[in-house]
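S.K.: give the three-dimensional model of this entry:
(one chain, ligands or ions: 1)
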Amino acid sequence: MSAGLAVLVSGSGSNLQSLLDAQKADALAGAKIVLVLSDNPKSYALTRAEQAGVQALVIRPKDYATRADWERAVGDALDAARVDWVLLAGFLRIFSGDFVRRFAGRILNIHPSLLPKYGGEGFYGLKVHEAVLAGNEKESGASVHFVTEGCDEGPVILQEKVAVYPEDTPEQLQQRVLKIEHKLYPKAVRELLKGSK
Ligand code: GAR
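M.R.: Predicted coordinates for the structure are as follows:
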């Protein structure tokens, strides 16, 4: 049986697109994206899922009395879809220990820096690239890692570097990093599922 993947998104979903494209090109070790789940009904990733014919769900925290109730609903949706792996791809919520333990060792995330640098709470999206530029770094990159209870602290599966130029804007650096993210996430999933990682 092929592995079932869920991709959790909040925004544009360009990483989701790279995973959908890899699946289509038979470059995802036979895995199948069975569910796209967003906390944000305005996420363009939902349109990408729809265009690819993948089930898409919106589960908004504000529709639940507590964060624990919301997380339980997310977890139940993942189980109902018989998901083996949970891939966070621009998903901007941080899960509690309870959720991480429920899917222990089966949650991956992509982060737009060379972890452990520029990771942790508050480091997401453009803020990461702003901090890298403020830190006068000569290189940055992307990391795919296992999700554990500490934010952005789980073991790294794959990393790739890009150059940082003094004249870069955060947006330019973001685009350079995104370009490698789009190769890195499918590659990490492929290698993990083939057992070479
Ligand atoms: C990506 O750069 C991803 O690494 C980052 O958000 C962007 C989502 O883009 N994730 C984080 O910053 C997580 N801390 P996308 O919606 O186009 O895939």
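S.K.: burial of whichever residue of the chain sits closest to the ligand, as a residue count?
M.R.: For the chain and the ligand, the shortest gap (Cβ to the nearest ligand atom) falls at Gly90, measuring 2.6 Å. Quick note: C-beta positions are derived from backbone N, CA and C, even for glycine. A count of nearby residues for Gly90, using other Cβ atoms under 10 Å, gives 24.
S.K.: show me what contacts it?
M.R.: Shown in contact with Gly90 (Cβ atoms under 8 Å, 6 or more residues apart in numbering): Val9, Ser10, Gly11, Ser12, Gly13, Ser14, Asn15, Leu16, Ala45, Ile110, Gly125.
S.K.: could you look up the SS state of the fourth one?
M.R.: Here Ser12 takes the coil state, with states given by DSSP: H, G, I helix; E, B strand; the rest coil.
S.K.: those residues of this structure touching the ligand, which are they?
M.R.: Residues of the chain lying close to the ligand (Cβ under 6 Å from any ligand atom) are 9, 11-15, 89-90, 110-112, 124-125, 128, 178, 181.
S.K.: Val36 should be in a strand, yeah?
M.R.: Yes: checked against three-state DSSP, Val36 lies within a strand.
S.K.: same for whichever helix in the chain runs longest, what does it pack against?
M.R.: In the chain, ranked by residue count with DSSP state H as the criterion, the top helix is helix 170-194. Judged by 3 or more Cβ pairs under 8 Å, 6 or more residues apart in numbering; DSSP states H and E, the packing partners of helix 170-194 are helix 14-24, strand 85-88, strand 107-111, helix 126-134, strand 139-146, strand 156-163.
S.K.: contact partners of that helix?
M.R.: Outside helix 170-194, the residues within contact range by Cβ under 8 Å, 6+ apart are 3, 5, 14-15, 17-19, 21-22, 27-31, 85, 87, 89, 108, 110, 112-113, 125-126, 129-130, 132-133, 140-142, 144, 157-160, 162-164, 168, 197.
S.K.: okay, buried residues for it please.
M.R.: If you call a residue buried by 16 or more other Cβ atoms under 10 Å, then helix 170-194 has these buried ones: 170, 173-174, 176-178, 180-182, 184-190, 192-193.
S.K.: and if you look at stretch 63-73?
M.R.: Trp70, Glu71, Ala73.
S.K.: just checking, the last one is part of a strand?
M.R.: No: secondary structure assignment places Ala73 outside any strand; it is helix (three-state DSSP).
S.K.: where does the protein dip in pLDDT?
M.R.: 196-197 (pLDDT under 70).
S.K.: give the helix, strand or coil label for the residue of the chain closest to the ligand.
M.R.: Assigned by three-state DSSP, the conformation of Gly90 is coil.
S.K.: look up the closest residue to it, ignoring the ones flanking it.
M.R.: Setting aside the residues directly before and after it, Gly90 is nearest to Gly11 in space (Cβ to Cβ, 6 or more residues apart in numbering), at 5.0 Å.
S.K.: list the contacts of the one you found.
M.R.: Asn40, Ser43, Tyr44, Ala45, Gly90, Leu92, Gly125.
S.K.: so among those, which ones count as buried?
M.R.: Applying 16+ other Cβ under 10 Å to the contacts of Gly11 flags Asn40, Ser43, Tyr44, Ala45, Gly90 as buried.
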